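K.L.:
I would like the atomic coordinates for the input below:
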Amino acid sequence: MAHFPRRPASGITVIIVGAGFAGIAAAIECDRKGHTPLILEKAATVDEITRFGDIISFDPNGARNFERWPGVIEEMQKVARQTTWLDLYSWKGEFVTRQSFEKEKSWGPRINGHRGELYSIIYKHAVERGVEIRWGQRVTDYFEDGERAGVVVNGETMYADVVIAAEGVRSRGRKIVLGFDDKPKSSGYAVYRSWFHGDAIKANPMLKHLVDGDSHCGFIGPDLHFLVSSLKGGKEFNWVFTHKDDGNIEESWQFPGRVEDCLKYVEGWAPIVQEIVRSTPKNARLIDHKLVFRDPLPTFISPKQRIALIGDAAHPFLPTSIQGASQSIEDGVVLATCLELAGKKNATLAVQAYEKIRYERVHQAQATGVKTREKWHKANWDEIAKTPEAIHLTREAWLLNFDAEKDCYERYEEVAKKLQSERARL
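P.N.:
Residues are numbered from 1 along each chain as shown. Below you'll find the model as predicted:
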């Protein structure tokens with residue numbers, strides 16, 4: 001097992017339910033800060049997580065945390081898309097504007113790549129650190145008392161000082177936090193997405209320029225936006241489009257998609273858009289993914305403050321925010337840091353402080369997704385003709401030029417004092 005720098009042992013045990021990006025990042029951060037994490041994941045093997053996926057994005061506020069995990073950011077950059085721009089077109093195919101992200105380099109790295117591939121890099125690092133991950137573990141219940149928290153997993157009871165629910169929008173941890181079972185609702189939007197080898201289109205005269213090196217472009221139209229990118233010098237290609245959808249959220253909200261269904265949505269769009277969809281190979285993975293909506297939670301933590309929700313379990317994001325993954329990383333960083341600063345005897349104070357530090361920022365970040373979608377789907381093209389940059393993605397320093405760990409170290413003491421004062425008054 002490789003040696004990595006760690007804070008002094010805290011004696012704090014942490015059960016993390018879910019081995020996705022949120023859970024595994026929280027485990028790495030807990031390990032860095034001297035705690036003892038254990039991940040419980042329902043998937044039977046890591047292959048179930050890594051073999052599928054489309055593109056995932058980490059903006060500087062998320063990706064900067066990977067720089068603290070030796071070797072991780074370097075491995076990610078080898079497989080990430082190398083573009084520093086986004087070319088935007090109207091749905092009729094007219095070029096509108098190029099948005100540059102060059103100035104953001106001073107804020108930190110940006111990582112855009114295949115979900116499974118980037119996950120594999122983080123997973124390998126967690127394993128090398130000695131983080132314990134148990135596969136095939138189905139958690140059916142959460143519980144807590146004044147001294148500890150726990151879960152029922154595969155019919156057995158397990159305990160820890162703190163439990164982190166990181167298993168997504170259907171987290172069973174939400175019930176103990178809310179006091180009731182809440183059901184996900186349709187957001188009214190869905191996403192088709194596909195990923196395949198660039199060779200499939202490199203001989204196509206209409207599309208070959210899209211895989212001549214890395215590319216990134218988007219087509220914007222009424223109630224739909226269509227994003228296209230290639231990476232690894234054009235060896236891999238992906239497209240994704242968000243559209244209005246009236247499908248209800250049932251037991252599953254992810255289904256195999258069909259090219260003919262996708263073509264109906266882009267009927268009348270630029271020939272290049274239709275050709276991209278039409279050229280999707282039969283063996284490509286094409287997914288129809290219903291976007292889940294959740295009402296903002298009044299709290300991310302349980303009544304006795306020993307169970308915390310992170311990532312999508314706490315705050316699902318729209319893809320147009322480009323922040324869901326980064327915010328889930330920030331969650332784990334802040335919770336692990338709060339536990340370090342509070343110590344084992346004050347673990348519940350740490351969990352409360354995590355919520356206080358994260359709550360407002362997360363909800364402000366969530367709002368950016370709706371803002372971008374509305375900007376694109378209801379675009380006023382007469383106005384955009386005058387000011388093309390009006391259709392640019394909103395990129396704000398308060399969100400992207402941010403270091404969650406540094407912020408937590410700076411703010412924890414003040415937040416903790418206020419919480420202790422509130423406790424004393426109760």
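K.L.:
CA only for contacts and neighbour counts going forward, please
P.N.:
OK.
K.L.:
So R373: helix, strand or coil?
P.N.:
Of the three states, R373 takes helix under DSSP: H, G, I helix; E, B strand; the rest coil.
K.L.:
Who are the contact partners of it?
P.N.:
Residues in contact with R373, defined by CA atoms under 8 Å, 6 or more residues apart in numbering, are T320.
K.L.:
and the gap between it and I24?
P.N.:
30 Å (CA to CA, to the nearest Å).
K.L.:
Any idea which residue is closest to the centre of the protein?
P.N.:
A325 (1.9 Å; CA atoms, centre = their mean).
K.L.:
what does the model give it for pLDDT?
P.N.:
Note for A325: predicted pLDDT of 94.
K.L.:
Touching, it and N61? I think so.
P.N.:
No: using CA atoms under 8 Å, A325 makes no contact with N61, being 10.3 Å away.
K.L.:
biggest strand in the protein by residues?
P.N.:
strand 185-197 (DSSP state E).
K.L.:
what is the rounded mean pLDDT of that one?
P.N.:
Averaging pLDDT along strand 185-197 gives 87.
K.L.:
mind listing the strands for the stretch 51-200 of the chain?
P.N.:
For the stretch 51-200 of the chain, the strands defined by DSSP state E, counting those that start in this stretch cover 55-58, 85-90, 95-100, 111-114, 132-135, 139-144, 149-153, 156-160, 162-165, 185-197.
K.L.:
Not counting stretch 145-158 itself, show me its contacts.
P.N.:
Identification of contacts with stretch 145-158 by CA under 8 Å, 6+ apart yields 15, 137-144, 159-163, 304, 306-307.
K.L.:
Just the buried residues of these.
P.N.:
Among the contacts of stretch 145-158, those classed as buried by 16 or more other CA atoms under 10 Å are 15, 137-139, 141-144, 159-163, 304, 306-307.
K.L.:
right, and the pair among those with maximum separation?
P.N.:
Taking CA to CA, the two most distant members of the buried ones among the contacts of stretch 145-158 are Q137 and K304; they sit 24.7 Å apart.
K.L.:
returning to that earlier point: quick one: closest of the strands of the stretch 51-200 of the chain to Y265.
P.N.:
strand 185-197 (10.2 Å).
K.L.:
Any chance of the strands of the stretch 51-200 of the chain in JSON lines with distance to A270 as columns?
P.N.:
JSON lines is the format used below for the strands of the stretch 51-200 of the chain (distance: least, CA to CA, whole Å):
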{"stretch": "strand 55-58", "distance to A270": "23"}
{"stretch": "strand 85-90", "distance to A270": "9"}
{"stretch": "strand 95-100", "distance to A270": "11"}
{"stretch": "strand 111-114", "distance to A270": "26"}
{"stretch": "strand 132-135", "distance to A270": "46"}
{"stretch": "strand 139-144", "distance to A270": "47"}
{"stretch": "strand 149-153", "distance to A270": "51"}
{"stretch": "strand 156-160", "distance to A270": "56"}
{"stretch": "strand 162-165", "distance to A270": "44"}
{"stretch": "strand 185-197", "distance to A270": "18"}
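K.L.:
For the lowest-mean-pLDDT helix or strand in the chain, which helices and strands make contact with it?
P.N.:
Lowest on mean pLDDT, DSSP states H and E among the helices and strands of the chain sits strand 254-256, with a mean of 79. Judged by 3 or more CA pairs under 8 Å, 6 or more residues apart in numbering; DSSP states H and E, strand 254-256 is in contact with strand 285-293.
K.L.:
other SSEs contacting the strand it packs on?
P.N.:
strand 185-197, strand 254-256.
K.L.:
switch the cut-off to 10 Å
P.N.:
When contacts are defined as 3 or more CA pairs under 10 Å, 6 or more residues apart in numbering; DSSP states H and E, strand 285-293 packs onto strand 185-197, strand 236-244, strand 254-256, helix 259-265.
K.L.:
That one pairs with which strands, and in what direction?
P.N.:
strand 185-197 (antiparallel), strand 254-256 (antiparallel) (DSSP bridges).
K.L.:
nearest to E275, of the ones you listed?
P.N.:
Going by CA to CA, the one of the strands paired with strand 285-293 nearest E275 is strand 185-197, 13.7 Å.
K.L.:
how about the closest one: buried residues?
P.N.:
Across strand 185-197, burial judged by 16+ other CA under 10 Å covers K185, S186, S187, Y189, A190, V191, Y192, R193, S194, W195, F196, H197.
K.L.:
out of the helices and strands packed on strand 285-293, nearest to V79?
P.N.:
Nearest to V79, of all these, is strand 236-244, at 10.3 Å by CA to CA.
K.L.:
the inter-axis angle of the closest one versus strand 285-293?
P.N.:
40 degrees (axes from the mean of the first three to the mean of the last three CA atoms, to 10 degrees).
K.L.:
From the chain's centroid, how far away is strand 236-244?
P.N.:
For strand 236-244, the separation from the chain centroid amounts to 17 Å (computed by CA atoms, centre = their mean, to the nearest Å).
K.L.:
pull the CA atoms of that strand into CSV?
P.N.:
The C-alpha trace of strand 236-244 is given here as CSV (Å, rounded to 0.1, in the frame of the first residue of the first chain):
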residue,chain,number,x,y,z
GLU,A,236,-13.9,9.4,-29.0
PHE,A,237,-17.1,11.3,-29.7
ASN,A,238,-20.3,12.1,-27.8
TRP,A,239,-23.5,14.0,-28.2
VAL,A,240,-26.2,14.8,-25.7
PHE,A,241,-29.4,16.8,-26.0
THR,A,242,-31.9,18.1,-23.3
HIS,A,243,-35.5,18.3,-24.4
LYS,A,244,-39.0,18.7,-23.0
